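Q: fold the stuff below for me.
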Amino acid sequence: EPSRSRNCCTYLLVGTIIILLICGAIGYFLLRHERRKETIHTQTITIGDDTKDLCITPECIQAAHSLLESIDETVDPCENFYQFSCGKWIKNAKIPAENSKLNSLSQMKTNLQNALVDLLSSSPINERTEPKAIINARRWYNSCINESAIEEEGVDVILSFINKELGGWPILLGDKWDESTFDPYRVILTLSQYNHFMPYRVETTIDFKNSSLRSITIKPSIDLTVNLISAVVDLGKTETYLTIFQNFAAALTKDSSTITIDTIGVLKLEMRILLAYLKSKILSLNIVLRKSILNLALANFLGHDFINYVESLYRSANVYLMDTDIATVIFPEIIHDITSIFEEETPRTVQNFLIWHFMLNQAWKMPKKFRNLEQQYRRLFDMISEEKARSVRCAEYLGETMGAVISMAYTNKYFDKDSRKEVLPKVMVSNIRDVFINMVNRSTWMDSHSKTWTIKKVQDIKSKVGYPDYFENAYMIRLEKQYADYNFNSSLMLNALKLIQLNSKNSLRTLRDPVDKDEWLTTLPTTLTAIYHILLNDITIPAAFLQKPLFNKNLPKHLIGIGFIIGHEMVHGFDDDARRYDMHGNEFSLWTNRTIEAFHELKQCIVDQYNSYTLAQVNQQVKGEHTKNENLADIVGLKLAFYAYRKWAQSHRDVDKKLPGLTKYSAEQIFFLSFGNTWCEKMSNAAAESYLIADLHSPPEFRVIGSTSNFVEFDQAFDCKPSQRNSRVDKCNVW
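A: The predicted structure follows:
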């Protein structure tokens with residue numbers, strides 16, 4: 001008993017010691033943790049000289065980090081502001097394999113892609129209350145990402161469609177194809193009903209002479225010609241193109257006897273179409289032809305069969321054309337020449353051409369071997385090395401083809417609607433509009449008549465921000481009715497054909513609808529670009545565009561790049577194209593001849609300036625005439641945004657705090673740095689060459705240098721002297 005008692009005491013003592021040791025250890029670690037927290041807290045506080053002047057919110061810290069990771073302070077901002085703003089970013093940036101370029105706005109695209117994939121992948125909270133249109137969109141998406149089902153289905157559906165609806169593909173049938181029943185307009189008509197327009201597009205648009213009416217627009221399919229131009233510029237691509245074409249056909253048939261001669265025949269036809277396009281562009285032959293359907297038929301310029309084709313196309317959507325319906329033909333000479341070429345070519349070659357381009361558009365919905373060939377084709381022209389993730393491609397496609405449904409779901413789930421209030425006319429747009437009117441009033445090259453009409457148009461520019469107002473009402477009821485026939489199953493190809501056919505009919509049917517200028521006619525909330533619409537005299541800034549780095553309502557105003565975008569688009573209302581239209585979107589000369597002459601002189605300064613720039617990466621000159629409208633919008637848009645910010649800052653002193661690590665820069669310097677940083681971009685050489693050929697904007701480097709070098713306030717902000725590279729002596733000033 002005594003020994004047992006001693007043992008208990010021993011155990012109790014040991015246990016007590018252990019408990020004390022544990023408590024001591026816990027206390028030590030807690031004390032150490034608190035001291036570490038204090039150290040961290042002290043480090044955070046001492047980031048700047050005076051914390052009360054610092055913005056240390058998560059948004060500001062992230063923005064500061066982004067700028068610090070971009071700025072190259074070894075470069076003099078007065079010599080090359082683009083390299084100063086973006087030098088470090090460009091050095092460290094790596095272009096993803098699935099893209100040909102990377103820019104500071106790429107994260108916006110990634111965010112949108114992730115949101116669309118999440119939206120279409122997630123299960124509904126309550127399927128009973130989930131709109132049927134969303135359910136069907138998810139069903140289409142699921143059939144698109146189910147690659148095993150696509151492999152299992154094979155090519156039976158698409159080949160059956162080609163044989164039954166289009167009259168067969170000669171290249172697959174060898175000598176068995178019967179050309180006696182060939183009717184090119186019947187094939188083109190069927191393809192058009194499936195929203196595949198080749199080699200010309202027919203669509204319902206707003207009439208450019210009277211914006212209160214809808215009309216029919218007929219134009220060449222530009223995508224074909226652009227691709228062919230690329231192939232001709234680099235002759236080495238021709239052989240690769242033929243190989244892809246031949247391999248695609250060979251994968252669909254056991255009879256390869258005519259594949260080589262058939263593919264060469266199609267290439268020759270494409271070259272003839274390209275030459276017709278180039279001839280018309282070079283000679284500027286009859287750029288636009290606007291006539292009633294009756295007068296267009298009587299003129300017989302496009303051929304009697306062509307008018308029958310247009311009438312039959314609308315009839316397929318239960319729209320019957322009247323003699324008084326207006327048709328606008330863009331580049332009618334090209335369409336006339338293409339019609340003649342089709343009549344001169346063999347039926348076999350024309351049929352091969354039409355179905356080949358249709359198949360290229362459908363290939364990404366086919367089994368893997370065809371997707372690989374389509375990817376090789378895209379790589380040939382688009383300069384990319386890898387395919388997008390399947391989920392992303394499917395989601396993006398649905399975002400375009402079921403745009404209203406997807407956009408409404410996107411804005412409801414992901415868009416901060418308070419952001420919309422910050423940009424709406426009462427705030428940012430209104431400030432920029434006031435600055436523009438003031439600049440017009442102060443201009444010396446415009447006479448009073450031209451100023452009056454310009455100001456009237458500026459005052460009447462409407463802004464569509466984030467999403468349509470009608471999204472907040474009972475719009476889903478309308479969408480349910482509009483998408484009532486959009487019922488899909490597990491077959492991707494059947495779903496794809498049905499979707500494009502329904503979209504084609506719905507688009508054609510709008511010919512008889514009244515024009516609602518509050519409707520978002522050309523842009524979706526999920527579009528990653530802002531746009532000025534000439535015929536509506538409005539600026540559209542989609543929800544997807546209202547995200548960092550362009551906009552965040554919690555950031556200081558000098559970091560908000562959306563102001564430049566608004567100013568840029570507003571100026572487009574007065575470029576060479578839009579100045580011919582009034583505030584209602586109707587053709588009208590706003591300016592007197594004297595003002596127009598003065599404008600041309602000022603604009604020539606801009607053309608000459610940008611002609612002097614050479615993109616060192618590919619040693620090619622910027623085309624100042626080709627990019628003049630965008631350059632004008634950049635130069636004046638930057639001024640509008642800056643003056644609007646300065647006006648705001650004067651009435652909101654000490655609201656915009658400095659950024660951690662960037663305290664040596666003034667608010668106005670940060671404004672310009674944010675602008676420069678917006679356009680940081682890295683491109684492959686092939687993409688850079690393509691950019692110079694096709695893009696209406698100047699390369700990003702010269703968007704930054706060109707705009708800032710014409711701005712006295714930029715010189716003052718960075719103490720630049722005239723004659724330094726980023727400060728022009730003779731500045732190009734329009735407004």
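Q: show me what contacts the nearest residue to residue 253 once chain neighbours are set aside?
A: In space, and not counting its chain neighbours, residue 253 is closest to residue 172: 4.1 Å by CB to CB, 6 or more residues apart in numbering. Bear in mind the C-beta positions are built from the backbone N, C-alpha and C, glycine included. Residues counted as contacts of residue 172 (CB atoms under 8 Å, 6 or more residues apart in numbering) are 159, 249, 252-253, 255.
Q: switch the cut-off to 10 Å
A: 159, 162-163, 249-250, 252-256, 258-259, 262, 352, 355 (CB atoms under 10 Å, 6 or more residues apart in numbering).
Q: which one of the residues you listed is nearest residue 308?
A: residue 355 (21.6 Å; CB to CB).
Q: what helix or strand is that closest one on?
A: helix 347-362 (DSSP states H and E).
Q: can you give me the mean pLDDT across that helix?
A: Helix 347-362 shows a mean pLDDT of 95.
Q: likewise stretch 218-237?
A: 69.
Q: how about stretch 427-447?
A: On average, stretch 427-447 scores 93.
Q: how about residue 529, secondary structure?
A: Under the three-state scheme (DSSP: H, G, I helix; E, B strand; the rest coil), residue 529 adopts coil.
Q: what do you get for residue 568?
A: Quick answer, by three-state DSSP: residue 568 is helix.
Q: and the nearest residue to it once chain neighbours are set aside, how far from residue 559?
A: Ranked by CB to CB, 6+ apart and with sequence neighbours excluded, the top spatial neighbour of residue 568 is residue 637, at 3.3 Å. As defined by CB to CB, to the nearest Å, residue 637 lies at a distance of 17 Å from residue 559.
Q: ok, back up a step: buried only: go through the contacts of residue 172 for me.
A: 159, 162, 249, 252-253, 258-259, 262, 352, 355 (16 or more other CB atoms under 10 Å).
Q: just the residues you listed: which are in helices?
A: 159, 162, 249, 259, 262, 352, 355 (DSSP state H).
Q: touching, the fourth one and residue 169? I think so.
A: No: because the distance of 11.1 Å does not satisfy CB atoms under 10 Å, residue 259 is recorded as not touching residue 169.
Q: any shared contact partners between the two?
A: Common neighbours of residue 259 and residue 169 (CB under 10 Å, 6+ apart) are 249, 253.
Q: ok, back up a step: out of the contacts of residue 172, the closest to residue 275 would be?
A: residue 352 (19.2 Å).
Q: let me see the contact set for that closest one.
A: 169-172, 177, 245, 249, 258, 262-263, 265-266, 269, 345-346.
Q: got a winner among those for most neighbours?
A: residue 171 (29 neighbours; other CB atoms under 10 Å).
Q: how about the strands of the stretch 451-600 of the chain, start to end?
A: Here the stretch 451-600 of the chain has its strands, by DSSP state E, counting those that start in this stretch, at 462-466, 531-533, 538-542.
Q: ranking the ones you listed by burial, who's on top?
A: strand 538-542 (a mean of 25; mean count of other CB atoms under 10 Å).
Q: what's the model's confidence in that strand, averaged?
A: 94.
Q: stretch 287-297 now?
A: Mean predicted lDDT for stretch 287-297 stands at 88.
Q: mind listing what's buried in it?
A: 289-293, 296-297.
Q: what of stretch 578-588?
A: Quick answer for stretch 578-588 (16+ other CB under 10 Å): 578-579, 581-583, 585-586.
Q: low-confidence stretches in the stretch 301-450 of the chain?
A: Applying pLDDT under 70 to the stretch 301-450 of the chain picks out residues 382-385, 423-426.
Q: coming back round to it: now do the phi/psi pair for the residue nearest to residue 568.
A: phi -60, psi -40 (degrees, to the nearest 10).
Q: verify the contact between it and residue 573 for me.
A: No: Residue 637 lies out of contact with residue 573 (CB under 10 Å); the separation is 11.5 Å.
Q: please enumerate the shared neighbours of the two.
A: Common neighbours of residue 637 and residue 573 (CB under 10 Å, 6+ apart) are residue 436.
Q: all helices of the stretch 301-450 of the chain, in order?
A: In the stretch 301-450 of the chain, the helices defined using DSSP state H, counting those that start in this stretch lie at 304-315, 332-344, 347-362, 368-382, 390-401, 403-414, 417-423, 428-442, 448-460.
Q: and the first one with helix 332-344, angle?
A: Computed with axes from the mean of the first three to the mean of the last three CA atoms, to 10 degrees, the direction of helix 304-315 lies at 100 degrees from that of helix 332-344.
Q: ok, the residue nearest to residue 723 when sequence neighbours are not counted - contacts?
A: Once flanking residues are discounted, residue 723 sits nearest to residue 729: 5.5 Å by CB to CB, 6+ apart. Going by CB under 10 Å, 6+ apart, residue 729 touches 709, 721-723.
Q: for residue 246, which residues are in contact?
A: Per CB under 10 Å, 6+ apart, neighbours of residue 246: 171, 256, 259-260, 262-264.
Q: if we go to 8 Å?
A: 259-260, 263.
Q: can you redo those as CSV with pLDDT and distance to residue 85?
A: Shown next, in CSV, are the contacts of residue 246 (pLDDT from 0 to 100; distance: CB to CB, whole Å):
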residue, pLDDT, distance to residue 85
259, 96, 52
260, 96, 53
263, 96, 48
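Q: in CSV: those, plus distance to residue 239.
A: Shown next, in CSV, are the contacts of residue 246 (distance: CB to CB, whole Å):
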residue, distance to residue 239
259, 15
260, 12
263, 11
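Q: just name the closest of those to residue 154, please.
A: Nearest member of the contacts of residue 246 to residue 154, counting by CB to CB, is residue 259, at 20.1 Å.
Q: ok, residue 214 touching residue 508?
A: No: using CB atoms under 8 Å, residue 214 makes no contact with residue 508, being 10.7 Å away.
Q: what residue ranges in the protein score low on pLDDT?
A: In the chain (pLDDT under 70), the answer is 1-51, 125-127, 222-235, 281-286, 382-385, 423-426.
Q: how is it divided into domains?
A: 81-104+401-512+523-718, 182-365 (automatic domain parsing).
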